[in-house]
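# No sequence on hand, only this structure:
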């Protein structure tokens, strides 16, 4: 028995255009393999040239959102506009009109999923957002239907392609941050204003969505510690590699007895860790569950067709799983004010100092670490300065509290014998 | 609204025991996060000591399969017995009694899924088998609900932990096959009779299941080309690494214009390929779809709790997706006699010869390859013999047909100037 489903697409940019193309080209394939006949009934975009280029037939071009929502043949509304302005207005209106919504909009879902899911529930329709996180990689479906038998204990993700591209170039070509950023902008891998990517906002939104789902609670993005890659010195990447570490911008979520800990920051991981070989613009999420142990999902985190793959997979899921609605985020999640967040989290540290190259300095430095309760795994003086000048000293610590590391850094800076040049967290 | 679901477990060995433990320990967790109350109503196992060790209450211990199937509180039957004897009888009976079945049994599903799915459909119950392939890695869920928007063009999987463990040791410790196998048997990573693993039968069953799903047709295991790892010489692993290749036992499925191609054999892949760093007993499946591009899933392919994770995820899915039944393998798949299989498949080759170390040999060898229509990428004489003796010569070819490679090998052997010592396929 074939089911007929009508779709409207709002916003025919990169992802919306890819979605249109995928739905049109695969219509027969879905009919055959999924027993569902998905037709694009309406599209809405201010840029008519774009619609012409995609070959959208005239009768499918809507003049306004009202026309889309009034169409009884539209069952599912795909929102690929982005942002929280008109996208929010349209998604809200679509849910109120009892249309199931599929969106690729991470900021919208991160900031308003609770509000939107209430509206969806009230109107007996669905809200799906696989495409909001990690492009074509089915990480949300996996959290919901693949590893749901587990208490997820931790998640570590490379969830932003731009920063991973930049760090990969810095790692393997020894290029400076500024230089690689410029090249990435030229190639279209980074935006003219790169803040959302390089300062970790994009990763933060995705971590909020994914950790909310993994830990069955609402993790507001405001609870996420965030540090970007713009201050990363290529020298530290090279030193780290000598210690067997690779630098990645990680989105980390942990659910421990002490509470939930969520953070985005440049992180050294062992070069043998599966995440260490996720290079260029590829993304990956590494999960640890109490039964399944370690699982990693790897793939393209962005791009027209990979992201369209996620949008369309949600459309098919929504069309074929009629008894599972507004299910993407469970509504019975622990209210956020009942959740304990850990801010003084524990981590091992890579700390680079510049110190005077003379007797007794090492003893003083290790003394300060000791007084702050920090135990040192390794301390290495790097060559790189002439006699009399300051030399680089790299310290790798055992796990310690964030505040203890800050305390040690300020004591060293105050001591006059050395300056803290770089502090990078290490995850094993 | 909480749904109540009763489960019976048949066979409380490694996976069945892990399933029992997971269901009992997580009961409150599933109640809270999935709104489903899953109770183990009955277990069936001849070994009562095992049941005692697991702490199964007396009233849950069934005397026979009839008692299990007659219990109206049993909604879902988990089969973790293995094999195609009693397991097949019990699964058939369970489906006939309109119980949904969740199984970890790859041989059963590989050989009888069509028959069992017909019975399931007829009785309006479900048949789920995520745990039959790649342990805790949700590869079947991903194929069904994560990348279903795609034409899957190819899949390459490391789907057997025993052989991956052996090849990893051979690669990084330079140990011989026989030596590593013995060690693996001692550690319990390989069975006393290792044939099912090392000769590729286990990988073949899994490839049959996964490629059937990926390509929306039934791929009988009898159509799968199969070559194991017992003839792999550690010397070739080392030579391959010098050319930038890593050796893995891959299960490969390709869906091309020419037909479907399915094969299990030792394969050189570039050492930078994500599959190349899947080591020890870890498993991974690398998929390429027409929209999503490349996706890889990585995790533990075996073990009590990882496999239980897959079993229980299926149980939860079956309990919460009531309108999706007998869905794991779509019943409208192309009948197998309408499928075209490619047996003379194309591949690049690594070929090691031993040749006489004298002038003109290289010209003769390359001449034979040329006559067979095989184009050579690289030909390298390795040191390793004294003057006058035969020396190793390694040839890397461009893509060529299987039959052409065989032809060249027999011509070289017949020529008297060299002997083919090893032939290993290369995938880029």
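Received it, and whenever you're ready, just let me know what you need. Every value quoted in this text rests on a predicted model; they were computed, and no experiment measured them. Residues are numbered from 1 along each chain as shown, chains lettered A, B, ... in the order given.
# so where's chain A uncertain?
Low-confidence segments of chain A, defined by pLDDT under 70, are located at A:323-337, A:384-388.
# Recalculate using a threshold of 50.
Scanning chain A for pLDDT under 50 picks out the ranges A:331.
# Does the residue of it most remote from its centre belong to a helix, a strand or coil?
Relative to the average C-alpha location in chain A, and by C-alpha atoms, centre = their mean, no residue lies farther out than residue A:359, which sits at 46.0 Å. On the three-state scheme (DSSP: H, G, I helix; E, B strand; the rest coil), residue A:359 is labelled coil.
# Let me know the distance separating it from residue B:206.
As for residue A:359, its distance to residue B:206 is 63 Å (criterion: C-beta to C-beta, to the nearest Å). In this view, the C-beta of every residue, glycine as well, is placed from N, C-alpha and C.
# same question, residue A:62
With C-beta to C-beta as the criterion, residue A:62 and residue B:206 are 47 Å apart.
# ok, and what's touching the host helix or strand of residue A:20?
When elements are defined using DSSP states H and E, residue A:20 is found to belong to helix A:14-25. Under the contact criterion C-beta atoms under 8 Å, 6 or more residues apart in numbering or on different chains, helix A:14-25 has outside partners A:7, A:9-10, A:12, A:38, A:40, A:43, A:45, A:50, A:54-56, A:78, A:80-81, A:104, A:131, A:303-305, A:307-309, A:311-312, A:315, B:149, B:291.
# among these, which ones are buried?
Burial by neighbour count, judged by 16 or more other C-beta atoms under 10 Å in any protein chain shown, picks out A:7, A:9-10, A:12, A:38, A:40, A:43, A:45, A:50, A:54, A:56, A:78, A:80-81, A:104, A:131, A:303-305, A:307-309, A:311-312, A:315, B:149, B:291 from the contacts of helix A:14-25.
# higher neighbour count, residue A:62 and residue B:206?
More neighbours sit around residue B:206 than around the other of residue A:62 and residue B:206, counting by other C-beta atoms under 10 Å in any protein chain shown; the figures are 26 against 21.
# Verify the contact between the more buried one and residue B:132 for me.
Yes: here residue B:206 lies in contact with residue B:132, judged by C-beta atoms under 8 Å, at a distance of 7.4 Å.
# and for those two, which residues touch both?
With contacts defined as C-beta under 8 Å, 6+ apart, the residues adjacent to both residue B:206 and residue B:132 are B:106, B:110.
# Now do the same for the residue nearest to residue A:172 when sequence neighbours are not counted: helix, strand or coil?
In this structure, residue A:172 finds its nearest non-sequential neighbour in residue A:279, 7.8 Å apart by C-beta to C-beta, 6 or more residues apart in numbering or on different chains. Here residue A:279 is recorded as coil under three-state DSSP.
# got the contact list for residue A:279?
Listed by C-beta under 8 Å, 6+ apart, the contact set of residue A:279 reads A:164, A:168, A:172.
# backbone phi and psi for the closest residue in space to residue A:389 that isn't next to it in sequence, please?
When the adjacent residues along the chain are set aside, residue A:389 lies closest to residue A:357, with 7.0 Å between them (C-beta to C-beta, 6+ apart). Note on residue A:357: its backbone torsions stand at phi -90, psi 70 [degrees, to the nearest 10].
# And for the nearest residue in space to residue A:79 that is not next to it in sequence, the neighbour number?
Using C-beta to C-beta, 6+ apart and skipping the chain neighbours, the partner closest in space to residue A:79 is residue A:103 (4.2 Å). Counted with other C-beta under 10 Å, residues neighbouring residue A:103 total 30.
# now do residue A:117
Look at residue A:117: counted by other C-beta under 10 Å, it has 21 neighbours.
# So what touches the helix or strand hosting it?
With the criterion set as DSSP H and E, the secondary-structure element containing residue A:117 is helix A:106-122. Helix A:106-122 is contacted from outside by A:79, A:82-84, A:87-88, A:91-92, A:95-96, A:100-101, A:103, A:126-127, A:129, A:132-133, A:202, A:205-206, A:208-209, A:212, A:218, A:221, A:325-326, A:328-329, A:331, using C-beta under 8 Å, 6+ apart.
# please redo it, this time with the cut-off set to 7 Å
With contacts defined as C-beta atoms under 7 Å, 6 or more residues apart in numbering or on different chains, helix A:106-122 is touched by A:83-84, A:87-88, A:91-92, A:95-96, A:103, A:126-127, A:129, A:132-133, A:205-206, A:208-209, A:218, A:221, A:326, A:329, A:331.
# now stretch A:182-193
By C-beta under 7 Å, 6+ apart, the residues outside stretch A:182-193 that reach it are A:162, A:165-166, A:181, A:197, A:281.
# 6 Å - rerun?
Applying C-beta atoms under 6 Å, 6 or more residues apart in numbering or on different chains, the contact partners of stretch A:182-193 are A:162, A:165-166.
# Closest one to residue B:383 out of these, please.
Distance to residue B:383 across these (C-beta to C-beta) is lowest for residue A:165, with 41.0 Å.
# Hmm, the closest one is touching residue A:283, no?
No: between residue A:165 and residue A:283 there is no contact under C-beta atoms under 6 Å: 10.7 Å.
# Settle it for me: which of these two has more neighbours?
For residue A:165 against residue A:283, the residue with the higher neighbour count under other C-beta under 10 Å is residue A:283, and the figures read 25 against 22.
# surely that one meets residue A:133?
No: in terms of C-beta under 6 Å, residue A:283 does not count as a neighbour of residue A:133; the distance is 9.1 Å.
# what does chain A put close to chain B?
Applying C-beta under 6 Å from any C-beta of the partner chain, we find that chain A lies next to chain B at A:22, A:33, A:136, A:138, A:141-142, A:145-146, A:148-150, A:216, A:277, A:291-293, A:295-300, A:305-306, A:308-309, A:312-313, A:316-317, A:321-324.
# Take those residues and keep only those in strands.
A:293, A:295-300 (DSSP state E).
# check contacts around residue A:289.
Shown here is residue A:289, whose contacts under the criterion C-beta under 6 Å, 6+ apart are A:147, A:150, A:152.
# how close does residue A:421 sit to chain B?
Per C-beta to the nearest C-beta, to the nearest Å, residue A:421 is found 32 Å from chain B.
# number of nearby residues for that residue?
Quick note: residue A:421 (other C-beta under 10 Å) scores 16 neighbours.
# Just say helix, strand or coil for it.
For residue A:421, the secondary-structure state derived from three-state DSSP is strand.
# Now do the same contact list for it.
Contacts for residue A:421 (C-beta under 6 Å, 6+ apart) come out as A:352, A:354.
# cutoff 10 Å now
Contact partners of residue A:421, counting by C-beta atoms under 10 Å, 6 or more residues apart in numbering or on different chains, are A:233, A:235-236, A:351-354, A:390, A:392-394.
# Surely residue A:13 and residue A:82 touch.
Yes: Residue A:13 lies in contact with residue A:82 (C-beta atoms under 10 Å); the separation is 7.7 Å.
# Perfect, I'm done here.
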